[in-house]
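Engineer: below are the sequence and a predicted model; questions follow.
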Amino acid sequence: MTLKKVVSTVAFLACATPAFAEAPQQSPKEKMVWITIGSDALATVRESFKSDGVELSAPLREKGGVVALRLPESQIVKLAGVIHSKLNRCAGFVAHDSETQALEEVERATTAALAPAPSAVSYFINNGPSVNAMLSGVAELNIRNTINSLSTNYNNRYYNVQSGKDAATWLQSQWTTIASGRSDISVALFTHTWTQPSVIATITGTTLPNEVVVLGGHLDSINQSSPTTGKAPGADDDASGVASITEAFRVAVANGYKPARTVKFMAYAGEEVGLYGSKAIANSFKSSGVNVVGVLQLDMTNYKGSSYDFGMVTDNTNATLNSFTTSLISTYIPGTTYTNITCGYACSDHASWYSAGYPSTMPFEATMTTDNPQIHTTGDTLTYMGGTATNSVKFAKLAVSFLGELAKGATTGNTPPPTDGGGTGGNTLTNGVESAQYSGAKSSMTCWTLTVPSGKTSLVFNTAGKTSNTGDSDLYVRFNAEPTTGTYNCKSEGSTNTESCSVTNPSAGTWYACSYGYSAYTNVTMKGTY
Ligand code: BES
Ligand code: ZN
């Protein structure tokens, strides 16, 4: 078998491959949309449309492997089908409301490939007591019930039909019930130019309300052979993601969690027709300057098809946020495994946020070859997944860890941890990830820990003086205990805040890296890399 053959077989299995019963004909007055797709798909798509009598526009712009085209809105479902069946891969296209947006997307896709979105805040783990309190409340039955209601009572959640809208109203009322009694929580519909609204629940942050953490999944479903009238239970794709997020929201409120940053739970409309809902929301946030510091996308969480528990999508996501997310998995869901996967050009709502310049991450239920084969058909039911939501429990736990460690703050009875290095010590570093900026008094010792696995040949800690840093801090590093200025494995005591310590063949276990205030200092970060 040639490599090409292997690749296409793999992709064939990765997505549902529907039969296309509906092939609506183009009418002269019809609404046009603009799409961007991978250039590799263009010839095949054009050929296939032509044989059905639909002439595609010439490329409006093509650059860096992405091309913008115009076509009638009714042809979008056909487009996905052509890519699935002719190219044997996930559709991976983005639909836009205007030519300007499509052209911008071509530019964005080209430059984003070179320069991934920077993260707005540092990511680190230091909120164990509150996260663990919430984790112990996560219950499979609640997740199962939500999947069951959505997939049986609202089994066509297509973006343009009444039942798709009814599903949104139902979810809004569920979330409103969870929020009841909390004046810092609101639940609202985000309406669009099509029938189905998105649903957003907001917990306003106590101390950093302008920094926003987003957790989302898509509310819509699709029966690809009959979008408007066929049954589309979408139990896995994506009632499971919405249900996982709903359970994270429920345990947060049940434990009296008050986040420092604002947390928003989102159920997006219209993902299956080109990331419509998430794109509208991400772009509106972008144009009003909302500071989103991290987005978790859960799309398909309940099918156990792989020996890996999580497939981390590496394309259209932020590498630093992905690394933070895998640290959360290791810390809070021990015994589970993950591997890296690539989804395709824009397979889910994480890509809308990424395009808008926000850091996003998408842990997935399987690898691309082992995901649920029933998606986009009448067969995507809870029964097909064994009648339980066991697999989604891991994702609900990850969602809880994500909000607890990114939004910080505390549950009832626990103390909020610092949202930056804070000078309190006891903060955990993630391999290769810079800490938040911190400051310290003269003679203070501010410590971080990094867990180093066995078999590493080098370990380097760096402090960096960031913009307008002042004073002089020195770096002390010690294995298994906090160093003092007299006891350490390595020290670096230059006259600035930029210091470096290297250890060859480091012992496996906990390494402590501390900034010592030679004089009072400000705006310093710590990083450890093995
Ligand atoms: N949940 C799927 C994406 C998916 C499917 C990821 C299989 C990994 C494996 C999502 O709802 C979807 O169907 N996306 C479309 C693209 C979208 C832009 C219409 C797809 O992948 O075809
Ligand atoms: Zn889908």
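Structural biologist: Thanks, I have it. All values reported here derive from a predicted model rather than from experimental measurement. Ligands and ions are numbered 1, 2, ... in the order given.
Engineer: separation between I147 and S454?
Structural biologist: Per Cβ to Cβ, to the nearest Å, I147 is found 40 Å from S454. Backbone N, C-alpha and C define where each C-beta goes, glycine included.
Engineer: who has more neighbours, the two?
Structural biologist: I147 (30 against 8; other Cβ atoms under 10 Å).
Engineer: for the more buried one, what are its contacts?
Structural biologist: By Cβ atoms under 8 Å, 6 or more residues apart in numbering, the residues touching I147 are A235, A239, S240, A243, N302, L382, A389, S392.
Engineer: what does R46 give?
Structural biologist: By Cβ under 8 Å, 6+ apart, the neighbours of R46 are L56.
Engineer: again with D472
Structural biologist: Applying Cβ under 8 Å, 6+ apart, we find D472 in contact with S495, T496, N497, G517, Y518, S519, Y521.
Engineer: can you tell me the closest non-neighbouring residue to the fifth one?
Structural biologist: Ranked by Cβ to Cβ, 6 or more residues apart in numbering and with sequence neighbours excluded, the top spatial neighbour of Y518 is D472, at 4.5 Å.
Engineer: okay, F285 and ligand 2: tell me how far apart.
Structural biologist: Distance, F285 to ligand 2, by Cβ to the ion, to the nearest Å: 23 Å.
Engineer: is it true that that residue touches G357?
Structural biologist: No - under the criterion of Cβ atoms under 8 Å, F285 makes no contact with G357, lying 10.0 Å away.
Engineer: what about these two, which has more around it?
Structural biologist: Taking other Cβ under 10 Å, F285 and G357 do not tie; F285 has more neighbours (19 against 16).
Engineer: surely that one is in a helix?
Structural biologist: Yes - counting by DSSP: H, G, I helix; E, B strand; the rest coil, F285 is located in a helix.
Engineer: what sits against it?
Structural biologist: Per Cβ under 8 Å, 6+ apart, neighbours of F285: V212, V292, A356, Y358.
Engineer: possible to save those residues as CSV with pLDDT?
Structural biologist: Formatted as CSV, these follow (pLDDT from 0 to 100):
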residue, pLDDT
V212, 97
V292, 96
A356, 95
Y358, 95
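Engineer: out of the residues you listed, which end up buried?
Structural biologist: V212, V292, A356, Y358 (16 or more other Cβ atoms under 10 Å).
Engineer: just grab the bridge partners of the second one for me.
Structural biologist: V292 has the following beta-bridge partners by DSSP bridges: V212.
Engineer: end to end, how far does stretch 467-487 reach?
Structural biologist: End-to-end span of stretch 467-487 (Cα to Cα, to the nearest Å): 31 Å.
Engineer: quick one: buried residues of that stretch?
Structural biologist: For stretch 467-487, burial by neighbour count (16+ other Cβ under 10 Å) applies to N469, G471, D472, S473, D474, L475, Y476, V477, R478, F479, E482, P483.
Engineer: just how off-centre is it within its chain?
Structural biologist: Mean C-alpha position of stretch 467-487 versus that of the full chain (Cα atoms, centre = their mean, to the nearest Å) differs by 34 Å.
Engineer: any idea how far V212 is from T202?
Structural biologist: V212 is 9 Å from T202, by Cβ to Cβ.
Engineer: what is in contact with the two at once?
Structural biologist: T262, V263, K264.
Engineer: and G386, how far from Y308?
Structural biologist: From G386 across to Y308, the span is 18 Å (Cβ to Cβ).
Engineer: do G64 as well
Structural biologist: Separation of G64 from Y308 (Cβ to Cβ): 31 Å.
Engineer: please apply the same query to N469.
Structural biologist: Taking Cβ to Cβ, one finds N469 at 41 Å from Y308.
Engineer: ditto for D315
Structural biologist: To Y308, D315 is 17 Å away according to Cβ to Cβ.
Engineer: got it, and Q75?
Structural biologist: In terms of Cβ to Cβ, Q75 sits 36 Å off from Y308.
Engineer: and what of A389?
Structural biologist: 19 Å.
Engineer: next: F364.
Structural biologist: In terms of Cβ to Cβ, F364 sits 10 Å off from Y308.
Engineer: pairing partners for the longest strand anywhere in the chain, with directions?
Structural biologist: Longest strand of the chain, by residue count under DSSP state E: strand 458-470. The pairing partners recorded for strand 458-470 under DSSP bridges are strand 499-504 (antiparallel), strand 521-529 (antiparallel).
Engineer: which among those is found nearest to ligand 2?
Structural biologist: Nearest of the strands paired with strand 458-470 to ligand 2, taken as Cβ to the ion: strand 521-529 at 37.6 Å.
Engineer: how far is that closest one from where the chain is centred?
Structural biologist: Worked out by Cα atoms, centre = their mean, strand 521-529 lies 26 Å from the chain centre.
Engineer: what mean pLDDT does it get?
Structural biologist: Averaged across strand 521-529, pLDDT comes to 90.
Engineer: just stretch 191-201 next, same as before
Structural biologist: Per-residue pLDDT over stretch 191-201 has a mean of 98.
Engineer: same question for stretch 124-136.
Structural biologist: Averaged across stretch 124-136, the pLDDT comes to 93.
Engineer: just stretch 336-354 next, same as before
Structural biologist: 94.
Engineer: does ligand 1 sit close to that stretch?
Structural biologist: Yes - residues of stretch 336-354 contacting ligand 1 under Cβ under 6 Å from any ligand atom: C343, A346, C347, S348.
Engineer: between those, which has the most around it?
Structural biologist: S348 (30 neighbours).
Engineer: assumed it was part of a strand.
Structural biologist: No - secondary structure of S348 (three-state DSSP): coil, not part of a strand.
Engineer: need the contact list for it.
Structural biologist: Contact partners of S348, counting by Cβ under 8 Å, 6+ apart, are H218, E271, L275, Q297, D299, V313, M362.
Engineer: circling back: so which of the buried residues of stretch 467-487 sits lowest on pLDDT?
Structural biologist: Lowest pLDDT within the buried residues of stretch 467-487 is found at E482 (77).
Engineer: got the contact list for that one?
Structural biologist: Listed by Cβ under 8 Å, 6+ apart, the contact set of E482 reads G425, M445, C447, Y512, C514.
Engineer: give me the three-state assignment for the third one.
Structural biologist: Okay, so that is C447. strand.
Engineer: partners of it in the sheet?
Structural biologist: C514.
Engineer: would you agree it is in contact with W511?
Structural biologist: No - with contact defined as Cβ under 8 Å, C447 does not reach W511; the gap is 10.4 Å.
Engineer: of the two, give the one with the bigger neighbour count.
Structural biologist: A count of neighbours by other Cβ under 10 Å puts W511 above the other of C447 and W511, at 25 against 21.
Engineer: how about the more buried one, secondary structure?
Structural biologist: strand.
Engineer: same question, the one 5 residues further on
Structural biologist: Using three-state DSSP as the criterion, the local structure at Y516 reads strand.
Engineer: before we move on, back to that, who has more neighbours, Q75 and Y308?
Structural biologist: For Q75 versus Y308, the count of surrounding residues by other Cβ under 10 Å is larger for Q75: 22 against 19.
Engineer: do you know how far Y476 is from ligand 1?
Structural biologist: 46 Å (Cβ to the nearest ligand atom, to the nearest Å).
Engineer: how about that residue, what does it touch?
Structural biologist: Residues near Y476 by Cβ under 8 Å, 6+ apart: M445, P483, T484, T485, Y488, C490, K491, A513, C514, Y516.
Engineer: which regions of the stretch 201-350 of the chain sit below the pLDDT cut-off?
Structural biologist: Applying pLDDT under 70 to the stretch 201-350 of the chain picks out no residues at all.
Engineer: once you drop chain neighbours, what's closest to the residue of it found nearest ligand 2?
Structural biologist: For the stretch 201-350 of the chain, the residue closest to ligand 2 is D237, as judged by Cβ to the ion, at 4.2 Å. Once flanking residues are discounted, D237 sits nearest to I375: 4.1 Å by Cβ to Cβ, 6+ apart.
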